[in-house]
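> Sequence first, predicted model second:
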Amino acid sequence: MMNKLTIRNKLILTLGVLVLFVGLIFIISYSRISAINQGFNQVLDGTVEQQRNIAQLRYEVMNMIRNQRKLALSSEIQEMNDLKRRIDNNALTINERIEKVISLSSGELLNLAQALDIKIDDLIKINMDIVELGMTNSENVARNLSTKEGSNEFTKANSTLTELQTYLANNGTKEQVLTVAALDEQFHMLRSLENELILSTSPSAREVVLKEASEIENRFELYLGQLNRNLSGEGKLMLEKYTRQYAAYYDIHKKAMNMANQATNGKALELSKGQADAIADEINILIKQYYDQVKRLLENDKISNNEKYGSTIRSMIIIIAVTIILSVFMSIWLLRGITGSLNIATDAVKKIAAGNFSSDVKISTEDEIGLMLRELQVMIIKLRSSVNLAKQVALGDLVIDFKSIENHGGELDEALEQMVNNLRNIVITITNGADNVLAASQQVASVSQQLSQGSQEQASSAEEVSSSMEQMSANIQQNTENSRETEKIANKASEDIEATSLSVSETVQAINNIAEKIVIIEEIASKTDLLALNAAVEAARAGEHGKGFAVVAAEVRKLAERSQQAAAEINEISSHTVKLAEDSKGMLIQTLPDINRTAELVQEVAAASVEQNSGANQVNRAIQQLSQITQNNASSSEEMSSNAEELSTQAEELKIAISYFKVSNSQSDFNISDKKGNVSTVNNKNHGSKQEVKVQGNGAKIELDEGPADNEFSEF
């Protein structure tokens, strides 16, 4: 009965059992977890909430005590009001928390909560007294009166008293000076006792200060009365002014003393540290007892929940173990059924994969795998028929009548039929192509030989032209060098002419200088002649005594005349020389542009020669490249001719190989002596490769290696 179940039904059965047990696990788990969750909710809503509220209550109590202390020590009105508001908020929050704790408590916890409520009421009452005393703030009020208004009035009165002391020291009696000094001492002592009373912290100390202050006031009044009786005039007026200022100060002094004597800040601080702290300690003890009791209840709840959790885990483990065992048994049963059928299918597929179609498939089940095995059997029968067709094709028989084959149909048979038809067409096409390739290769070989011969002739002509271009390039190079040498000579001549022109200019300048000196010499000679004439006249006047002097004067006159004549000749020669030098300079200046133009033309000729030389070199390189290309063409033509001959040989071999296939019923043989073992081998002489056409009983193996020449052809 189980063998007739399909895999789908087997899976549904297995999953149904698993779902049943999973549902059972869910129901049990849900019920147990709900119980645990309920216990946790009770803990969270009860015990944990009690802990949170009692902790908050303790925090608010401690916060209120801290605010009481700050209020008792504060001196700023704004800060005191802020602290009072905080204390009121603390009291309100404490009442809310204790009410919440009482509502959550029961049994022993309720008794502790009620006792805690009583103590909190006591603390709040004391808190009200502390706030009232702290807000009175007598010490700070007294301090403010003393340091602000009192200080101002004291300063005024003290200043007037100092003026009075100065006046009496200059104008008063010794008794008056001593009296005013005693008055000043009592005045300062009164001010000092005021500050001491403000700083006092105990009632006994305040009583001592008040008693001493009363005595000082009496002595002060005594000294003031004595001065009032003894002074007159300006001193009297100054004392009256001081009396008025002292009265203003004394009013403030009495207010400060009264406020300081009340000591409300100290009383508030003492009350906070005393009764308030004691009640707070009792509250902390009750809170600790309450917290410990809540902690014990929490431990009990934890133990109860742990027991529920352990029971739930044990139940789930048992059910899960049963589910796993049952699942394993059902999985084994299901897998054995599936794997048994799959093993049969696997064996059949392995045989098909190995190409063995002779064995039939054994079918033992009626499930999906059994249906698959039936289809495998049909496939094997179909493949047997296809294999037989492939064997015929392997024997080279391409003349098959597919319509006469039994069970013909399907994609594989259609593919085989199309393959046979395509092979038949390919064989016919290859045969015709081989004939065409043979004829074309012969024609290519002939044309290649002609092309090779023409390329060789063209290469020879290119070499001759290249030789001529090299000779012409050498001549152009020589012209370029000559032009450069001529350019150097012209530049040198231009430089020499410029130097000569400069020298001529300097010569003209020197001659002009000489002419100027000669003019001076002429003037000297003229003056010498005049002096000689004067000397002769004086000698004639001297008579006999001046004869010798007359002879000397005559000689000097002759010398002066000769100097004038020589200077005139030199001046004429210098003028002529200057004219010749200036003419030479003009000719040189006229010649210089022609020489420069000649140098420029020579430079242009040299540049043109360089360009001609470059062009000749380019033409020469082009001719050499043309010669190289021509030689390469000749080599390629020879190689093409060789490849054409090889292609002709391969075409003949291809015709022999393709004759293996039978493409028509009229073809009686395959032009091969033995199908099963004959091998035809062709050696490639150009490339050394070996091409084989093997004809065997199960088909033909054709190996056509491509040589370098084969890669040069393009397919169109």
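Yep, it's here. Residues are numbered from 1 along each chain as shown.
> elements contacting the helix or strand in which Ala499 is found?
Using DSSP states H and E, the element containing Ala499 is helix 410-542. In terms of contacts (3 or more C-beta pairs under 8 Å, 6 or more residues apart in numbering; DSSP states H and E), helix 410-542 is packed against helix 368-394, helix 547-658. (Each C-beta comes from the backbone N, C-alpha and C, glycine too.)
> So which elements touch the last one?
The one in question is helix 547-658. Against helix 547-658 (3+ C-beta pairs under 8 Å, 6+ apart) you get helix 410-542, strand 679-683, strand 690-696.
> what about that helix, average pLDDT?
Averaged across helix 547-658, pLDDT comes to 77.
> now swap in stretch 173-189 and tell me
85.
> For it, buried residues please.
For stretch 173-189, a neighbour-count test (16 or more other C-beta atoms under 10 Å) marks 176, 179-180, 182-184, 186-187, 189 as buried.
> how does this protein divide into domains?
2-134+270-327, 151-261, 411-658 (automatic domain parsing).
> Same list, those domains, but as CSV with distance to Leu389 please.
Formatted as CSV, the domains of the chain follow (distance: least, C-beta to C-beta, whole Å):
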stretch, distance to Leu389
domain 2-134+270-327, 36
domain 151-261, 128
domain 411-658, 5
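> Sketch out the low-pLDDT regions of the stretch 201-350 of the chain for me.
Within the stretch 201-350 of the chain, the ranges that satisfy pLDDT under 70 run 201-202, 259-274, 276, 337, 340-341.
> hmm, back to that, minimum distance to Glu646: which of the helices and strands packed on helix 547-658 has it?
Distance to Glu646, taken as C-beta to C-beta, is lowest for helix 410-542 among those, at 8.3 Å.
> Can you give the distance of that closest one from its chain's centre?
In terms of C-alpha atoms, centre = their mean, to the nearest Å, the centre of helix 410-542 is set 58 Å apart from its chain centre.
> next one: stretch 116-127
Stretch 116-127 sits 66 Å away from the centroid of its parent chain (C-alpha atoms, centre = their mean).
> Okay, buried residues for it please.
Neighbour-count burial for stretch 116-127, counted by 16+ other C-beta under 10 Å, picks out 116-117, 119-120, 123-124, 126-127.
> can you check stretch 51-66 too?
So, applying 16+ other C-beta under 10 Å, buried residues of stretch 51-66: 51, 53-54, 56-58, 60-61, 63-65.
> Can you pull out the residues in contact with it?
Defining contact as C-beta atoms under 8 Å, 6 or more residues apart in numbering, one finds that stretch 51-66 is touched by 86-87, 90-91, 93-94, 97-98, 100-101, 104, 116, 120, 123, 127, 272, 276-277, 280, 283-284, 287, 290-291, 294-295, 298.
> Give me the nearest residue to Asn620, chain neighbours excluded.
Leaving out its chain neighbours, the residue that sits closest to Asn620 by C-beta to C-beta, 6 or more residues apart in numbering is Met469, at 4.3 Å.
> pretty sure that neighbour is in contact with Ile623, am I right?
Yes: with contact defined as C-beta atoms under 8 Å, Met469 and Ile623 form a contacting pair (6.1 Å).
> wait, is His239 part of a strand?
Just so we're on the same page, residue 239 is Leu rather than His. No: applying DSSP: H, G, I helix; E, B strand; the rest coil, one finds Leu239 to be helix, outside a strand.
> how many other residues sit next to Ser103?
The number of residues packed near Ser103 is 11, by other C-beta atoms under 10 Å.
> swap that for Leu416, sorry
Look at Leu416: counted by other C-beta under 10 Å, it has 22 neighbours.
> same check, this time on Leu109
Neighbour number of Leu109 under other C-beta under 10 Å is 20.
> That one reaches Lys295, doesn't it?
No: counting by C-beta under 8 Å, Lys295 is not a contact partner of Leu109; they are 11.5 Å apart.
> Can you check what angle separates the host helix or strand of Met316 from helix 368-394?
Here Met316 sits within helix 277-353, counting by DSSP H and E. Angle between the axes of helix 277-353 and helix 368-394 is 40 degrees (criterion: axes from the mean of the first three to the mean of the last three C-alpha atoms, to 10 degrees).
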